[in-house]
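[1] make a model of this:
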Amino acid sequence: MIDFKNEISILISSEVEGLNVEEIESLIEVPPNYDLGDYALPCFRFAKIFRKSPNIIAEELAENLKGNKYFSKIENVGGYINFFVNKEILAKTVLEEVLNQKEKFGSKNIGEGKNVVIDYSSPNIAKPFHVGHLRSTVIGKSLYNIYNFLGYNSIGINHLGDWGTQFGKMICAYKKWGNKEEIEREPIKTLQGLYVKFHEECEKEPSLEDEGRMWFKKLEDGDEEAKKIWKWFVELSLEEFERIYKLLKVDFDYYTGESFYEDKMDRVVDMIKEKNILKESKGAYIVDLEDYNMPPCLIIKSDGTTIYATRDITAAIYRKDTFDFAKAIYITDYAQNLHFAQWFKVIELMGYDWAKNLEHVPFGRVSTEEGKLQTRKGNVILLDELLERAIEKVKLVIEEKNPGLENKEEVAKMVGIGAVIFNDLSNNKIKDIVFNWDRMLSFEGETGPYVQYTHARANSVLRKAQYDVTSDIDYSLLTNDVAINVIRLLQSFSNAVVSAMEKNEPSFIARHIIDLAQAFNRFYHECPIIVEDEKTQKARLSIVYSVVTVLKTGLGLLGIEAPEKM
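    Next up is the predicted model:
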């Protein structure tokens with residue numbers, strides 16, 4: 001595909017001494033609207049070179065550059081040179097690339113030969129998988145797809161919350177009030193009930209907290225009974241989680257939870273001691289971070305047990321040794337910002353230069369209209385209930401709008417679950433989301449179902465026309481504003497993907513494919529596609545095929561399926 005920015009840079013470099021092509025390209029801007037051109041070059045930087053005002057420089061350069069085949073117009077406006085791309089060449093270069101590359105269109109080899117470890121989802125064992133876990137799960141899976149698409153080798157890790165003091169509390173609750181048969185019948189619901197009961201009873205009898213800590217100490221010390229109960233909780237929970245992951249079509253390369261690092265922590269604690277940064281404080285062991293404007297990082301609690309930071313530091317060192325990652329990404333809500341800043345700093349103080357390659361990707365929280373989700377209080381919306389309700393709602397719409405649709409059950413799953421995922425990923429990840437059933441499941445406006453329906457509509461046009469991919473196209477027939485707007489969005493798809501990777505922000509892709517779907521629907525209504533003139537039909541069908549290709553790719557990068565019929 002022709003890189004028009006690069007072409008501008010080459011043209012300008014032949015006229016301006018002292019600046020290379022890369023420096024010039026970094027100056028090129030995209031105007032706020034296409035009436036001002038496709039690209040604009042401010043000439044203020046050239047004033048010292050030419051010893052003239054930017055306005056005069058822009059005027060002279062614009063005159064010298066006229067007649068280039070890639071640009072239909074080059075003009076100066078107030079110290080800027082505005083470049084208008086030749087629309088026929090633009091249509092040809094973009095559409096031919098989509099036709100040739102198909103599902104690979106927009107991909108790059110930015111990360112070739114590099115591993116990126118992505119730590120996402122990470123639900124807590126023996127607790128419900130609620131909508132609060134949705135964000136880490138779908139953001140993580142999308143980033144996994146995006147990094148792979150750009151040439152990296154993504155390694156997805158589910159760092160299960162399967163260790164810590166809460167398991168002492170759970171074991172204590174089970175020993176006091178649990179029923180084995182009831183737990184096996186409804187594992188998560190029953191275990192959650194025990195967890196809630198434990199905290200309610202603690203308010204009446206505070207000594208229960210000590211009993212819970214005692215059971216976790218037993219677990220860390222390898223007590224046979226504690227280990228057996230804990231392992232049972234883990235197995236029951238994983239069965240429930242897998243059912244939800246299957247619905248979301250999310251998977252992982254490794255399930256290495258906190259417990260995986262239990263036998264590796266002593267070595268890491270010794271390493272921290274050897275660096276002379278571990279200090280005793282009131283019977284506990286900490287790394288003092290006062291010089292970095294942070295509270296101390298607790299490594300060993302006063303009762304001798306480990307804490308999240310100990311396990312996270314151990315996990316990071318293990319992952320670097322095992323995968324030699326170029327980047328390690330951790331996806332959690334923003335409440336953990338300080339936690340990650342602390343242990344990232346400990347890794348740095350241990351002398352590891354790869355600490356700079358650790359990235360925390362924080363996201364906003366999901367809450368109900370009644371307030372924050374809290375497992376202790378039992379105030380949760382279960383994720384499987386949400387997904388099933390979304391699917392049922394779509395089934396009703398299908399029965400009303402298209403009762404004869406093939407594979408209704410499968411399409412309802414694709415669209416219902418796609419609606420939930422898209423609702424999450426189309427928002428900037430750092431924003432808090434107040435959960436609302438109607439808004440989450442709306443099928444109007446800028447939603448996942450709208451993009452999926454556009455993809456299905458375009459597919460229907462291709463089927464009706466019995467379209468075959470061809471390179472025999474008259475691109476001069478695709479220069480009207482409605483067609484060119486679609487083509488420009490196809491052209492910039494790769495930039496949206498790269499930006500999503502650089503910022504760890506899938507919403508860039510979600511917003512881009514909404515824009516593309518909207519632009520295509522305008523094209524669909526204003527430019528009849530199946531027409532008598534064969535050349536016109538063939539040209540317009542190339543746009544339809546390209547839109548189908550890019551919408552499917554974009555949805556796929558978000559972890560959403562693209563049904564061909566709806």
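[2] which residues in the chain form strands?
    39-42, 71-77, 80-85, 115-119, 153-157, 278-281, 284-287, 297-300, 327-333, 358-363, 366-368, 371-372, 433-434 (DSSP state E).
[3] for the fifth one, packing partners?
    Looking back up the chat, that one is strand 153-157. Under the contact definition 3 or more Cβ pairs under 8 Å, 6 or more residues apart in numbering; DSSP states H and E, strand 153-157 sits against strand 115-119, helix 134-149. In short, each C-beta sits where N, CA and C put it, glycine included.
[4] as JSON lines, these with distance to residue 4 and mean pLDDT would be great.
    Putting the helices and strands packed on strand 153-157 into JSON lines (distance: least, Cβ to Cβ, whole Å; pLDDT from 0 to 100) gives the following:
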{"stretch": "strand 115-119", "distance to residue 4": "30", "mean pLDDT": "98"}
{"stretch": "helix 134-149", "distance to residue 4": "23", "mean pLDDT": "97"}
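[5] which one of those lies closest to residue 90?
    Nearest of the helices and strands packed on strand 153-157 to residue 90, taken as Cβ to Cβ: helix 134-149 at 23.7 Å.
[6] next, the angle from the closest one to strand 358-363.
    Here helix 134-149 points in a direction 130 degrees away from that of strand 358-363 (axes from the mean of the first three to the mean of the last three Cα atoms, to 10 degrees).
[7] where in the chain is pLDDT low?
    Within the chain, the segments meeting pLDDT under 70 span 367-380, 435-437, 440-441.
[8] deepest-packed of the strands of the chain, please.
    strand 115-119 (a mean of 25; mean count of other Cβ atoms under 10 Å).
[9] how far away is residue 386 from residue 239?
    The gap separating residue 386 from residue 239 is 19 Å, by Cβ to Cβ, to the nearest Å.
[10] just to revisit the earlier point, pipe the strands of the chain into TSV and attach distance to residue 499 per row.
    Output for those, formatted as TSV (distance: least, Cβ to Cβ, whole Å):
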stretch	distance to residue 499
strand 39-42	17
strand 71-77	25
strand 80-85	21
strand 115-119	17
strand 153-157	18
strand 278-281	41
strand 284-287	36
strand 297-300	33
strand 327-333	16
strand 358-363	15
strand 366-368	25
strand 371-372	31
strand 433-434	22
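[11] residue 461 is nearest to which of these?
    The nearest among those, by Cβ to Cβ, is strand 80-85 at 26.8 Å.
[12] summarise which helices and strands that closest one is packed against.
    Strand 80-85 packs on helix 4-13, strand 39-42, helix 54-65, strand 71-77, going by 3+ Cβ pairs under 8 Å, 6+ apart.
[13] so which bits of the longest one are buried?
    To tie it back to what came earlier, the one meant is helix 54-65. Under the neighbour-count criterion of 16 or more other Cβ atoms under 10 Å, helix 54-65 has 54, 57, 58, 59, 60, 61, 62, 65 buried.
[14] list the contacts of residue 460.
    residue 565 (Cβ atoms under 8 Å, 6 or more residues apart in numbering).
[15] related to what we said a few turns ago, how about JSON lines for the helices and strands packed on strand 153-157, with distance to residue 247 added?
    JSON lines is the format used below for the helices and strands packed on strand 153-157 (distance: least, Cβ to Cβ, whole Å):
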{"stretch": "strand 115-119", "distance to residue 247": "20"}
{"stretch": "helix 134-149", "distance to residue 247": "11"}
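[16] who wins for proximity to residue 126 among the ones you listed?
    That would be helix 134-149 among those, by Cβ to Cβ, at 18.0 Å.
[17] give me the angle between the closest one and strand 115-119.
    Going by the same axes, to 10 degrees, helix 134-149 makes 170 degrees with strand 115-119.
[18] more crowded one of residue 386 and residue 239?
    residue 386 (21 against 11; other Cβ atoms under 10 Å).
[19] hang on, isn't that one packed against residue 131?
    Yes. Using Cβ atoms under 8 Å, residue 386 is in contact with residue 131, at 5.7 Å.
[20] thinking again about what came up before, can you lay out the helices and strands packed on strand 80-85 as TSV showing distance to residue 234?
    Output for the helices and strands packed on strand 80-85, formatted as TSV (distance: least, Cβ to Cβ, whole Å):
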stretch	distance to residue 234
helix 4-13	53
strand 39-42	56
helix 54-65	67
strand 71-77	63
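[21] so which of the ones you listed is nearest residue 96?
    The nearest among these, by Cβ to Cβ, is helix 4-13 at 15.0 Å.
[22] residues in contact with the closest one?
    Outside helix 4-13, the residues touching it (Cβ under 8 Å, 6+ apart) are 19-22, 24-25, 28, 38-39, 41, 61, 65, 68, 70, 83, 85, 90.
[23] what do you get if the cut-off is 10 Å, keeping everything else the same?
    Applying Cβ atoms under 10 Å, 6 or more residues apart in numbering, the contact partners of helix 4-13 are 3, 19-30, 38-41, 43, 46, 61, 64-65, 68-71, 74, 81, 83, 85-86, 89-90, 93, 491.
[24] burial measure for residue 149, as a count.
    By other Cβ under 10 Å, neighbour count at residue 149 equals 25.
[25] contacting residues for it?
    103-104, 106-108, 110-111, 494, 497-498, 500-501, 509, 553, 556-557.
[26] one more time with 6 Å
    By Cβ atoms under 6 Å, 6 or more residues apart in numbering, the contact set of residue 149 is residue 107.
[27] repeat for residue 451
    Here residue 451 is in contact with 513, 517 (Cβ under 6 Å, 6+ apart).
[28] quick revisit: which of the helices and strands packed on strand 153-157 sits closest to residue 525?
    helix 134-149 (30.8 Å).
[29] so how far is the first residue of stretch 304-312 from its last?
    End-to-end distance for stretch 304-312: 17 Å, by Cα to Cα, to the nearest Å.
[30] was I right to think residue 162 contacts residue 125?
    Yes. In this structure residue 162 lies within contact range of residue 125 using Cβ atoms under 6 Å: 4.4 Å.
[31] which neighbours do those two have in common?
    Common neighbours of residue 162 and residue 125 (Cβ under 6 Å, 6+ apart) are residue 234.
[32] among the helices and strands packed on strand 80-85, which is nearest residue 356?
    Here helix 4-13 is closest among these (Cβ to Cβ), at 29.7 Å.
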